[in-house]
Structure formats: structure tokens, C-alpha cells
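**Q** Got a predicted structure here, sequence first:
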Amino acid sequence: MSAPNRLIGSALERVEDLRLLRGRGQFVADINRPDQLHAAFLRSAVAHGMLRGVDAAEALSLDGVHAVLTARDLGSPMPLLPIRLQPLPELEPFCQPMLADEKVRYVGEPVAVVIADSSAIAEDALDLIAVDIDPLPAITNRDQAEAAGTLLFPEHGSNVSMRWNAVKGDADAAFEAADYTRRETFTVQRHAALFMEPRGFVAEWDTDAEKLSVWGAAKVAFANRKILAATMGLERDQIDMIEGDVGGSFGSRGEFYPEDFLIPFAARHLGRPVKWVEDRREHLMAANHARQIECDVEIAATRDGKILALRGTNWTDNGAYIRTNGSIAPRNAAQFMSGAYDIEHIRLTSYSLTTNKTPTGTYRGPGRFEPDFVRERLIDLMAKDLGLDPLDVRRRNLVPADKMPYPLATMTPFESVTSLDSGDNHALLDRCLAEFGWDEKVALQGQCIDGRYHGVSVGCFIEGGAAGPSEDARIVLESDGSFAVYLGSAGVGQGIETIMGQIAGDALGVPFERVRVHYGSTAYVAEGFGSFHSRSTVMGGSAIVLAAEALLEKLRPIAAAALGCALDAVVFDEEGARDADGKAVAFDALSDAPVSAEARFENKKYTYSYGSLAAHVAVDPKTGQVDVLDIASTKDVGRMINPATLNGQSVGSIVQGLGGTLLEEFVYDSEGQLLTGTLADYLLPTATDFPNIRSTVLELAPSPHNPLGAKGAGEGEIIPVGGVIANAVAQALAGFGVEPMALPLSPPNVWRMLQEAIP
Amino acid sequence: MKFPAFDYAAPDSLDEAVALLAAHGEDAMVLAGGQSLMPILAFRMAAPSLLVDLKKVPALDRIDIGAEGVTLGARSRWCDIERHAGLAAAHPLLAEATRHIAHYQIRNRGTVGGSLALADPAAELPGVAVACDALLTLAGPGGERHVAAAEFFLGPMTTAIAPDEILTAVHFPAWPENRRWAFQEFARRKGDFALAGVALHYDLDAQGRARDMRIGVIGASDRPHRLHAAEATMNGSAVDAATIAAAAAAASTEVSPMEDHHAPADYRRALVATLVERALQEAAS
């Protein structure tokens, strides 16, 4: 960088917040177009069945109804929801049709779209559509899926859509030679990202220009433009995807869903703008679910606690279809089972099961939260069996700094090799223990105080980030001397306007106020890959660094000419350029015509931030209530851009992890009906539920893979929460011999374990 | 999540409101704070042809405290109870139970009459009403009638209110000095409907023995009700560890809890015992 680092590392207040706190945010529900119509979706009320017919005659006769679209209106062949990440041909048979065609496979599957003058009329019309479905048995669990008495896709011959393998070393030989082995079965319940602002779109088709504008884009606007162009038979440059303010994604919002196609399709079909804003009930059955997994995993170790190998099998419940990123959780659950630990031999297989439930996708820490629960539990069980201190066992087995870069298991298919890039796991563990006050708190282990049993635990995690292949940035020196930064990254509420402004300001050596960051439209840059896999800051930020360097090099000859000095005598500062004698020219004098430079940062190697998380819980044995008394976490992100937003990421991530550990669960009955279809039944953590969370973020080990040295940091601390809380509960209830093997640790579930443990 | 179409009326008097109900029968629904009715309409779980809004009906928001007890108008809100200067002294159990009801925003709108008329089996006020022998006032075309809380709650979301009647008030008998009481509930998160809850009170005789034990339970059956067997174990006895344990055991056998995705029946049964135990301990301390 050409200037001293001033903005990067500062806890700048988010520039987004003033607008948002004053109620001036522009979310998709705030967008209205002249003459717009409103859509409502008829969703299947049956989990599995043959769709014999949809009769919309009565609905169409309702005043104010303009159209009822069903599968036959979408043309032949029916457009399918494509797979964005790891698009293996083997997965194509499991892609979701944009509207149910011949079969319905989950409750909530779109069957028809009503377009009307208002949402209320559209919803009235839903009640008037007659749907004829011959029910089939619903597949709602692993046993039924494997028994294959009923198949969701009979032509495939199995309810297993895909098998993933993670291999390293020779696990079977290591188990053969091991002093100690233990095999257990673990389950994590189905839950979801549940971003606060529901999805929505406003789509407008300009008949004369043959151009489509879509408001409501998020996360991966460029990828979705490609999908939309392909499924609507348009060229990419006929579509503008426009992102306004976005109220959270966490992996789920912004993926391409059937509605992403159906609303633009309806707008073109009718030649009028069409608006749809998802309601919470349909959100809970329509947006991606996540996390549901069963793991039969075995650990091998020496007598003194050196872990030798992991092997076993995961079964992920992927729901009715493989959606855009539905393969990530099963493949990650195999590859990241070893986490931050030095384990030489691994053989893990994940099976993706199709079931009659809402399809699944990524959720913050996908396929990482789940195996961390399994591994951290196995480590504690092993320590107990061998009479070792679980803390010592962790220290003994963490990947040491001198083994970096450290290779993880290799995945097939879609072969992928990856290595932990850098880090000092032991330092982060020690710092976490110090922040937490481990030595005082561990004295409470298993003690009953005022009727509650206390337990503490600590776990260690890694977080992958910075997915490639590239990100583009363009910086323009405007004629007024300000800099406009254009990015292909996406804002999903994480504050990238602020963060990217900090990076750009430092890269250009100018004050924050002189930089304006523009993102959120496919019109700004040629290509963009968006916000997922903790990639925005690293990838977009690095592209800014490269673009700033390129821009300053473009300005150098202009400045040299203006100053009448040699090229290498030009020095840039906050105001502009000067020569060796101190003669200066301001930026606005260098830009009679705007000067622009564009750069692409390419990267195939992931960053791995890492850290530890310690928790202190108290368990009421009578009610089964687990109270979280304290949590302290550490994470090394290589380089901190904004400590304030980073702290928000960390604390928010932990709260979401506690939701998934203690509260959240999608419950289905045996017919495949979703029983938790409101936020009174699906229990989200609220602002007051977990007040005692402290996060410490460090910059010990910069990533070698990007000019910032930054590592992705948007997911991190959610990953260890399930395992750490479960181990703390086990410690609290050690006197009863309670060993949690399943999440959530809800009061009835904890109470049940105690009932079964008490003789 | 848009309401079905309905007509709306905001009559100026109780008589007009009752007349509207009489004219429309079960097609009409009464609107007070709307904290349950609005979601019910948004979910289209009900499709009334007419909403009768009580907001202009006079005197329904009164809170009267007198020698005979406390009377709450049906449109009194939870926040009115919370902020009332005299209520915590006049009826401490009522005031304490109100603190457990829902969230701040809901307490600013939700009403006493709405909660009683909805009759959610896990709602707090109905439990307090049965524990305190409250008397409910219903206004209909033929005038007023009074129904004891014990006869008012007939099942989940089902009460003794006729289609042409409006609940106008609930009366709680006077609260003697030195009465012992407690309210305990267990909810997954603060403000959630309770998995179960207990409202109890009793007085002590000259020998320090419990008399007139009243224990109301919520969330443990299809309606709020009293735990008569548990009460019987306590009446005439000292409130100590042994009698408390006996009352808790009696409570767990006399309830017949429902099973749903929030909790299995045996969990709720055990929870009722725990809450009775804790409430009795709290009241005795």
C-alpha cells in the first residue's frame, strides 16, 4: 500500500447505519413500480403425491385476478432450478422444477402463481384454486429413505442422491493398530438461516427495449442473472439485477429459488411489473432449510490421547430436491470433520438423502457446525474414557503452527484439495482460556449451586473463506477529485459499504470521505461473484487494492506532466500528487476527464481463520433448561478491517449457534407436514436471550494468499457452538452420566436424558 | 398474510355492539387489542364477515379497586395493569402474573378481555382467574350475566361466551392481608407461551396451617383448571418440605397434559410438579 495504514483496523461506525436507523433503508418491500401487480403462490399442502390437475377457473373469475400460472404455462421442457456450486451431472435428476409438474415432493412446493391487483386479492384467489393430488407415502426420515419403499425420483432407483468421500492417509490401518477406539451416532436437527427480511422481488419487463429489471437481488446477483437469462431465454445483458438494502442472508437469501424465476417470468408474461414479498409462514417452508444430519463416526487414538484417525458415515437429509448449493453441507461435513486438529488418517462418507421436506442449502458454517458437534463430543468422550483432561487432549492434538500449511482430507467427487493456510491454534486456545477465566470457572465443573449444575467447556474451530475464482473492482477518479469504487460484491447487511471504503481509502491513501462505494447492480462491473463462503472482504477488498494500485499508476504520468517532473518523482498524498520539491497538484486537477482503472483479483486458495470458544452453562435438572452464563471466543482473522463490524459478526454468529443448539428445530409429522410454521413455534433467539457473549478478534497470522493478509470472518464462531455447549452440559451432568448425542439441547430433551440416566 | 375481506364496525355503545353481534351471529368477531385476532386473520384461520371493534365502547378500560376486590374492564391492557399504582398491593398475584405475559409491544396492546375470551390453555390470566375464583361479566341482548371462571373455560379456545355476548369485565374477590401466594411458569424464552405455569395462594390459620389453598395450572390441560388433589394435601397442614413434596406428587398425577411438538406429555407432567413445588416454596418463604 502506498500510504500509512489509517482506516484499516479502525472501528469506524457503519456508514449504512444512519440511513437504516432513520428508516430510510430501501428494502425490496419498499420498491414500487407504476402499474404493478402482485403475486401470491399456491403451495402444496401435501408432502408427496401425483399432481393430477390444477383448476384455476374459479380463481380467474375473481375480480382483480389477472393470471394464474401453472406448470403448463412455463413451456416445455419445464425450466429447472440449476445447481450453482459443484454442478455435478449426477445431481441434475434432483433439480427442482420452477413449478410442480406431475409430482409434488414437499409441503410448500410452488404449484401455481396468482397475479392480481393486490396481494389480498391474490391470496383470496388461492383459496379458489382446486388442486387434485393423489397422495403417496411421505419419506420423512433416514430409515424410510434408505428402505426405498417409496422413491421421490423412481427413475433414479434410490432416495440417495449423492455420495461424497473424504480421504486422507489410511484410516482402516490406523484403526487396526490403535490402542483406543470409540464409535457413536450423533444427530443434528433440521433448522435454518432465517434471515430477518423475507425474500421478495419486483420485476419489470420493458417490452420496447426487451430489457428485464429485477429488484430484490442479493448475495450472488451475477450468478443469478446467468440462471435467469438461461431459463428465460434472454441474453445476460438484457437483465439488470438490482440489490437494495438486504436484511441478512447467512447463505440462504439470494440463492436462486423458483420465485426468482417465476416473478420475472410473470412480469414478462403479463407485460406489467409484478411484485412479491414473501411472508414468514411461506418463508419457513419455502426458503432453504439446513443442518439435518445423522453421523455414525468412530475415533481412534493412542492410550495417551493422540488422535490417530476418524472414520464413519454421514447422512444428510437434503429434502425434496438438490437446490443451487445443496451439495455443500454433505461434502463439507466429511471434509471438515477434522477441524483444527492434526489427524493423519480420515475416511468419511456422506450420503445425501432425498426426503419429502423443504430442500436444503447452506447456512453460515454449512457442514462445519454439524461435524464440529460430532468431533468435539468424541474428543470429550475419549478424554473421559482414557482418564485424560479434555483440555490437554485438545492441546495435544491441535495442528501446530509449524505444520502450516496443513492439508485436509481430499474430497471426491468434484475433487478438491485444500490446506489450512496459517495460524497458531494453541495461542488462540490459550487466549480464549484467559479471556474466559478458565482457571476459576473450571472449579465449578459438575457442581450443583442453588439447584443448577454447572459445566464449562472449550472447543477449537476453523472457518474456510475466500472462495474464488475472482472478484472485480473498478475505481474512477471523478472530475471533482473523489473516488468512486465499483464492486461485484454483494451487501447482505454485513456493512461492506463501510469496509470496502476503508480498504479503498487506505489503498488510495485518501480520507474515507473522499471514497464512495457502489455495489449491488450487475451494471457496475463486468463480473462479480458475490457474498458467500466468507469471501467479500478478502476477494472484493483485494480487488480494490489492485485497482487502486492500477489507478495510481495511470495517474502518475498525468501528475508528472502537470508537475513537470519525472515519473518516479511523483508522490501521492491525501490531496493529490506532489514532486520532490513539494510542488503539488490536487486530484481534481488530474481528472478533467474521469480516470478509471479496473482490476481483477484471482484466487483459488481458501483462507482459514481459526479460534476457540469457551462456554459456562448451568443446567436445571428439573426443567432441563440450559442457561448460558458466559461465552468467550477468540478468532484470528489475519488482518482486521473493522473491529466493530467484526465483533458484530462474532457475537451474532454465536447467538445463531446458540439458537441452533438450544432453540431452533423444524418438526415434521409422519405425513410430512411442517409443524413449526410460525415464529411462535420455531424458536429463534431474541436480543435478550443470550446477553453474556464476549468475542476477541486477533491478527496473528496473516493469510499468505491475498494482498490484505485478511481471512474470511463471516461465519467463524457459530461453528463450535453446538459441540462446546453439549460438552459443557455433559460436564455439568457428569454425575448423572448424561452424554448428549443429539441436538437441540431443548429442556424436554435434556430432561429426557436425565430421566434415562437416573436409575 | 393479508386479511380476508370483512366489514368493520366501531360502535359507540355496548348495546350497539351487542346488537351487531346479535344480528350477525357467528359471522361476527369482537376486536379489542388484536394481539391474537390479527395473526388469526392473517393466517386466514378465521374469516368473519364483520369485526366489531370495542375501542369506542365507554368504560371497558376501567380498573376499579374496592373493598370487594378488583374489577378489570375487558379492554384494560397489560401495560395498564403494570403501571397501575394500586394494583400490586390490591392483588399481587395478578400483578405478578401480568409480568410474564408476552413482550413489551404486545403488553401495550393486548387486553384482559382478549386473553380471557380467547382461552388459550397456556395463557396466564385465565390461570389466575380460576385460582382466584374470578367472576366474569358477559353482556348480551338480555342484559348482563356472571359466570365463574371455573365454568367459563370449556376447552382450548372455547368459552361460555355465546355468539351474541361480549365479555365486559372480570372481578377478582378481595385479597386478604397476609395472604401467601406465588406465580411460577416455565417458558422456552421470556415472553413465550408457557409450557406450564402455576398460580397459587392460601391463607394461614392461627396454628400456621394452610387453609383455602387454591392452585391454578396453565399449559397442562385443554383449559386452565385448579389442582384439587394437590390443594387437598395442603389444606390443614403446615407448608413444609414434606407437604410440598406430597402436593407436587398429587399435582403430577391429577393433570392430563397434552403432547405437542413443544413438549411430550410426561415432561409437562413432571414440569407441573416442579412448578407446584417451587411456587409453594416461594409462597412459604
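**A** The structure has been received and is ready for your questions. Numbering: from 1, shown residues only, chains lettered A, B, ... in the order given.
**Q** and the residue in chain B sticking out farthest from the centre, what helix or strand is that in?
**A** No residue in chain B has its C-alpha farther from the mean C-alpha position than residue B:207, which lies at 32.5 Å (CA atoms, centre = their mean). Counting by DSSP states H and E, no helix or strand carries residue B:207.
**Q** So which bits of the stretch 51-200 of chain B are right by chain A?
**A** The interface of the stretch 51-200 of chain B toward chain A, taken as CB under 8 Å from any CB of the partner chain, is made up of B:186, B:188, B:189, B:190, B:191, B:192, B:193, B:195. All C-beta spots, glycine's among them, are computed from the backbone N, C-alpha and C.
**Q** tally of neighbours for the fifth one?
**A** Look at residue B:191: counted by other CB atoms under 10 Å in any protein chain shown, it has 16 neighbours.
**Q** The residue nearest to residue A:157 when sequence neighbours are not counted: what secondary structure?
**A** In space, and not counting its chain neighbours, residue A:157 is closest to residue A:151: 7.1 Å by CB to CB, 6 or more residues apart in numbering or on different chains. In three-state terms, and counting by DSSP: H, G, I helix; E, B strand; the rest coil, residue A:151 is coil.
**Q** List the residues that contact residue A:151.
**A** Residue A:151 is in contact with A:157, A:158, A:159, counting by CB atoms under 8 Å, 6 or more residues apart in numbering or on different chains.
**Q** out of those, which are buried?
**A** Using 16 or more other CB atoms under 10 Å in any protein chain shown as the burial test, those include residue A:159 as buried.
**Q** Make a markdown table out of the contacts of residue A:151 and add pLDDT, distance to residue A:192 and secondary structure.
**A** What follows is the contacts of residue A:151, written out as a markdown table (pLDDT from 0 to 100; distance: CB to CB, whole Å; DSSP: H, G, I helix; E, B strand; the rest coil):
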| residue | pLDDT | distance to residue A:192 | secondary structure |
| --- | --- | --- | --- |
| A:157 | 95 | 30 | coil |
| A:158 | 96 | 26 | coil |
| A:159 | 97 | 22 | coil |
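**Q** Closest one of the contacts of residue A:151 to chain B?
**A** The closest of the contacts of residue A:151 to chain B turns out to be residue A:159 (CB to the nearest CB; 24.5 Å).
**Q** Who are the contact partners of the closest one?
**A** Contacts of residue A:159 by CB under 8 Å, 6+ apart are A:139, A:145, A:146, A:148, A:151, A:152, A:153, A:353, A:354, A:355.
**Q** right, and the pair among the residues you listed with maximum separation?
**A** Farthest pair in those (CB to CB) is A:146 and A:153. Separation: 14.8 Å.
**Q** centre of the chain versus the longest helix anywhere in chain A, how much separation?
**A** Determined from DSSP state H, the single longest helix within chain A is helix A:541-563. Here helix A:541-563 is found 35 Å from its chain centre; the criterion is CA atoms, centre = their mean, to the nearest Å.
**Q** which helices and strands does that helix pack with?
**A** strand A:470-477, strand A:483-487, helix A:496-508, strand A:571-572, strand A:576-578, strand A:584-586, strand A:595-602 (3 or more CB pairs under 8 Å, 6 or more residues apart in numbering or on different chains; DSSP states H and E).
**Q** Need the contact partners of stretch A:79-89.
**A** Stretch A:79-89 is contacted from outside by A:91-92, A:95-98, A:162, A:220, A:223, A:227, A:230-231, A:255-258, A:261, A:321-328, A:331, A:413-414, using CB under 8 Å, 6+ apart.
**Q** Which ones among those map onto strands?
**A** With strands taken from DSSP state E, the overlap with the contacts of stretch A:79-89 comprises residue A:162.
**Q** Can you flag the buried ones in the contacts of stretch A:79-89?
**A** A:91, A:95-98, A:162, A:220, A:223, A:227, A:231, A:255-258, A:261, A:321-328, A:331, A:413.
**Q** thinking again about what came up before, buried members of the contacts of residue A:159 into ChimeraX, please.
**A** The ChimeraX command for the buried members of the contacts of residue A:159 (criterion: 16+ other CB under 10 Å) is given here:
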select /A:139,145,152,153,353,354,355
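**Q** Go through the contacts of residue A:159 and name the one with the lowest pLDDT.
**A** Across the contacts of residue A:159, no position has a lower pLDDT than residue A:148, which has 94.
**Q** how close does the spatially most central residue of chain B get to residue B:275?
**A** Centroid-nearest residue in chain B: residue B:126, 1.7 Å away (criterion: CA atoms, centre = their mean). Residue B:126 is 16 Å from residue B:275, where distance means CB to CB, to the nearest Å.
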